[in-house]
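Participant: Quick one: sequence and predicted model below, then my questions.
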Amino acid sequence: MTVLPPAPPVDESELLAGFDATIARNDRIEPRDWMPERYRSTLVRQIAQHAHSEIIGMQPEGSWIARAPSLRRKATLLAKVQDEAGHGLYLYSACETLGVSRQELTEKLVAGTQKYSSIFNYPTLSYADVGTIGWLVDGAAICNQVPLCRTSFGPYGRAMIRVCKEESFHQRQGFELLSTMMRGTDAQRAMVQESVDRFWWPALMMFGPPDADSPNTEQSMAWGIKRDTNDELRQKFVDMSVPQAAALGVTLPDPGLVWNESKGGHDFGQPDWDEFYAVVKGSGPCNAQRTAHRRRAHEEGAWVRDAATAFARSQQEVS
Ligand SMILES: [Fe+2]
Ligand SMILES: [Fe+2]
């Protein structure tokens, strides 16, 4: 038996210099590359939170599939909700390349130790909410996610390219639904306005707290896993939404919303940040319901996972 000489001690500062140089060149870090532990754990948190949001985000709209007003609307909504499941799966796979399993991540989600976007803790009270979620929530998601196509971690950036293509389709279907309703009856127009009134502020919260209260932003931007600050993205979203609201004929519920010529963007009011933190901490209108539903689905799906594992094992034995 040949005894190999012990491996030379790894010089971490050399590895770190290589990592920093890759980031500085705007190249991608791949799963087999050395990375600082904090980079890895920050990415796991960010990608897991994103994956959980896709999966939990199926619930508010999913509850309208059986009540959609026509076969066409039902098929569209069903396809959209299925897309979100797909997004969750790409993202869990990207996260698995960092050495955590999907099982582990799901357990953390149902135990409440990992978060998902607070927007999904708001209820969908009318069918117009399906359109508003497509327009505003998928619209905000696009603002957040397009820059992530250039994120420094390869598997995440590549997953985001496909996710973003589908999100932009989701946004357009939401806008099309709302514009159809706005050309309908007074009751339909009122339903759209009421829905926009409820979702506008929570949509602004999707970009996270103001930059001054976002301590992780600086490090995440230095690592190239965040490309714009929360406030920059929020501004972009507002500027994008104002002309779309005008085209629809809906009013955005912010008396402070006004064009500012000197900055070349809109001034706008701040969401209720106390409400944001309360929802993030678990006191939103639907937090308990969303997590309980996901937990139940996970438990009821145990036999499917067992059967799939047993089948995969039997195939290995055959080959
Ligand atoms: Fe999605
Ligand atoms: Fe979407």
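Facilitator: Cool, the structure landed. Just so it is clear, the structure is predicted and the values come from calculations on it, not from any experiment. Numbers count the residues shown, from 1 in each chain. Ligands and ions are numbered 1, 2, ... in the order given.

Participant: which stretches of the stretch 1-150 of the chain have low pLDDT?
Facilitator: Scanning the stretch 1-150 of the chain for pLDDT under 70 picks out the ranges 1-3, 7-9.

Participant: residue contacts, the residue in it positioned nearest to ligand 2?
Facilitator: Here the stretch 1-150 of the chain gets closest to ligand 2 at one residue, Asp138, 4.3 Å apart by CB to the ion. Placement of C-beta: from N, CA and C, glycine included. Asp138 makes contact with 167, 170-171, 174, according to CB atoms under 8 Å, 6 or more residues apart in numbering.

Participant: go on, Asn121?
Facilitator: 279, 284-287, 290.

Participant: likewise Trp64?
Facilitator: Each residue near Trp64 by CB under 8 Å, 6+ apart is listed here: 77, 124, 127, 129-130.

Participant: Shouldn't it be within a helix?
Facilitator: No. Secondary structure of Trp64 (DSSP: H, G, I helix; E, B strand; the rest coil): coil, not part of a helix.

Participant: Okay, and the most centrally placed residue in the chain sits in which element?
Facilitator: Closest residue to the average C-alpha location of the chain: His50 at 4.3 Å, with CA atoms, centre = their mean. Per DSSP states H and E: His50 is located in helix 37-56.

Participant: Report the entries of the contacts of Asn121 that also contact ligand 2.
Facilitator: Near ligand 2, judged by CB under 5 Å from the ion, there are no entries from the contacts of Asn121.

Participant: quick one: which of those sit in helices?
Facilitator: 287, 290 (DSSP state H).

Participant: near ligand 2, which residues of the stretch 101-250 of the chain?
Facilitator: Counting by CB under 5 Å from the ion, the stretch 101-250 of the chain comes close to ligand 2 at 138, 167, 170.

Participant: what distance separates the helix or strand hosting the first one from the centre of its chain?
Facilitator: Assigned by DSSP H and E, Asp138 belongs to helix 138-145. Between the mean C-alpha point of helix 138-145 and the mean C-alpha point of its chain there is a distance of 8 Å (CA atoms, centre = their mean, to the nearest Å).

Participant: go on, stretch 165-184?
Facilitator: Taking CA atoms, centre = their mean, the mean C-alpha location of stretch 165-184 is offset from the chain mean by 19 Å.

Participant: mind listing what's buried in it?
Facilitator: 166-167, 170-171, 173-175, 177-179, 181-182 (16 or more other CB atoms under 10 Å).

Participant: And the furthest pair within those?
Facilitator: The span of the buried residues of stretch 165-184, defined through CB to CB, is set by Glu166 and Met182 at 24.7 Å.

Participant: And the residue of the stretch 101-250 of the chain that's closest to ligand 2?
Facilitator: His170 (3.8 Å).

Participant: who touches that residue in this structure?
Facilitator: His170 neighbours (CB under 8 Å, 6+ apart): 80, 83, 134, 138.

Participant: same thing with Asp272?
Facilitator: Trp201.

Participant: do Glu61 as well
Facilitator: So Glu61 contacts 77, 80-81, 124, 129-130, 133 (CB under 8 Å, 6+ apart).

Participant: quick one: the helices in the protein?
Facilitator: Assigned by DSSP H, the chain shows helices spanning 12-24, 37-56, 58-62, 71-96, 102-111, 128-132, 138-145, 154-182, 186-205, 217-222, 230-248, 273-278, 287-300, 302-318.

Participant: and those helices as TSV, adding distance to Glu30?
Facilitator: Formatted as TSV, the helices of the chain follow (distance: least, CB to CB, whole Å):
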stretch	distance to Glu30
helix 12-24	9
helix 37-56	12
helix 58-62	30
helix 71-96	12
helix 102-111	20
helix 128-132	39
helix 138-145	21
helix 154-182	5
helix 186-205	34
helix 217-222	19
helix 230-248	27
helix 273-278	35
helix 287-300	31
helix 302-318	26
